[in-house]
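Q: Need a 3D model of the sequence below.
(one chain, ligands or ions: 1)
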Amino acid sequence: MSKGKNLRIALAGNPNSGKTTLFNALTGSNQFVGNWPGVTVERKTGKYRKNKEVEIIDLPGIYSLSPYTLEEVVARNYLLEENPEVILNIVDGTNLERNLYLTTQLKEIGIPVVIAVNMADILRKNDDKINIKQLEQEFGCPIVEISALKGEGIDEVATKAIEVAQKGNVNTPELYTPDIEVILNDFHNKYLNNIPESQKRWYAVKLLERDEEVLKNLDLTDQELDEIEAKIMDLETELDDDTESIITDQRYNYISKIL
Ligand code: BGO
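A: Predicted coordinates:
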């Protein structure tokens with residue numbers, strides 16, 4: 001870690017995934033509470049107990065990175081604008097399918113991800129086993145099983161997150177069908193010149209979903225916006241559904257195939 005510069009771990013996960021329990025276990029009493037700029041959503045940060053140069057930022061609990069709730073907008077703006085070195089994505093291991101939906105979005109935002117599969121104690125009690133090695137291969141990032149409640153695996157996952165942050169490698173699974181990948185590549189190459197390379201995939205998906213926040217902020221010309229809309233309409237006619245639903249469905253298909 002370079003001297004003088006803190007390494008930031010952004011903690012992201014669904015409500016009830018155990019995010020607060022993990023945050024408390026990682027930071028102990030080294031916590032600072034305030035609000036996110038301009039909104040009354042609580043912002044908690046803390047220093048990692050075992051390394052005070054590591055800052056942990058507790059993002060609001062969210063199910064998705066869509067632009068529909070204040071919490072979602074706060075979380076994604078933080079990730080896009082502040083570019084923390086790594087995302088630690090906590091998922092509830094007893095509810096993987098639902099929790100991994102957010103993971104598919106976090107994997108697109110251009111920041112390295114480490115996944116903590118929480119509730120290991122409950123999984124053990126239920127005799128449920130998760131094939132962590134295979135999940136790691138599918139998602140292309142380290143995954144550690146933890147019990148935030150019992151303190152199991154939490155330093156292991158923090159160490160992994162620090163390691164991944166220092167390497168800085170990002171990889172994004174190409175989880176959509178070829179017709180979608182083609183249009184994403186087109187958007188990636190034509191309309192996102194001012195966007196950092198690592199974030200282009202995210203913005204391409206958001207353009208395809210007609211994400212209003214993104215459309216507002218991308219500085220596209222009217223002609224470009226018309227072109228994009230025409231391409232989206234063509235695809236929607238061909239696939240007989242709106243692109244936002246198509247993307248959502250394909251994310252869930254990808255997850256259920258893996259599981
Ligand atoms: C209650 N194992 C088990 N068994 N439970 C866990 C674990 C784990 O590894 N991690 C978290 N929990 P939050 P968000 C509760 O509060 O951290 C539990 O929203 C209760 N409370 O203890 O709050 C954790 O920040 C009464 O449970 O999640 C908490 O992400 C009865 O999961 C819940 C039973 O954790 C959510 C549980 C009064």
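Q: In contact with residue 202, which residues?
A: Applying Cβ atoms under 8 Å, 6 or more residues apart in numbering, one finds that residue 202 lies in contact with 80, 108-110. Using the backbone N, CA and C atoms, a C-beta is placed for each residue, glycine as well.
Q: same thing but 10 Å
A: In this structure, residue 202 makes contact with 65, 76, 79-80, 105-111, 172, 192, 195, 211, 214, judged by Cβ atoms under 10 Å, 6 or more residues apart in numbering.
Q: taking these one by one, which sit in strands?
A: Members of the contacts of residue 202 lying in strands (criterion: DSSP state E): none.
Q: Report the two of those separated the most.
A: Spatially, the most separated pair among the contacts of residue 202 is 106 and 192, at 19.3 Å (Cβ to Cβ).
Q: hmm, back to that, just name the closest of the contacts of residue 202 to the ligand, please.
A: residue 106 (15.0 Å; Cβ to the nearest ligand atom).
Q: The ligand contacts on the chain?
A: Residues of the chain lying close to the ligand (Cβ under 6 Å from any ligand atom) are 13, 15-21, 61, 118-119, 121-122, 147-149.
Q: Put the buried members of those into a PyMOL selection.
A: Filtering those down to the buried ones (16 or more other Cβ atoms under 10 Å) takes a single PyMOL command:
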select buried, resi 13+17+18+19+20+21+61+118+119+147+148
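Q: Give me the longest helix you can find in the chain.
A: Longest helix in the chain by number of residues (criterion: DSSP state H): helix 222-239.
Q: ok, now how distant is residue 39 from the ligand?
A: From residue 39 across to the ligand, the span is 19 Å (Cβ to the nearest ligand atom, to the nearest Å).
Q: Can you tell me which of the residues of the chain next to the ligand end up in strands?
A: Residues of those located in strands (DSSP E): 13, 118.
Q: how many other residues sit next to the closest residue in space to residue 105 that isn't next to it in sequence?
A: Nearest non-adjacent residue to residue 105, counting by Cβ to Cβ, 6 or more residues apart in numbering: residue 65, 4.4 Å away. Neighbour count for residue 65, taken as other Cβ atoms under 10 Å: 22.
Q: Equivalent analysis for residue 43, please.
A: 17.
Q: hmm, back to that, buried members of the contacts of residue 202 into ChimeraX, please.
A: Listed next is the ChimeraX selection for buried residues among those, using 16+ other Cβ under 10 Å:
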select :65,76,79,80,105,106,107,108,109,110,111,172,192,195,211,214
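Q: OK, contacts around the most centrally placed residue in the chain?
A: The chain has residue 106 as the residue nearest its centroid, 1.7 Å off, counting by Cα atoms, centre = their mean. Counting by Cβ under 10 Å, 6+ apart, residue 106 touches 10, 12-13, 65, 75-76, 79, 87-89, 100, 113, 115, 139, 141, 202.
Q: Kindly recompute the last result at 6 Å.
A: Contacts here follow Cβ atoms under 6 Å, 6 or more residues apart in numbering; on that basis residue 106 touches 12, 87, 89, 113.
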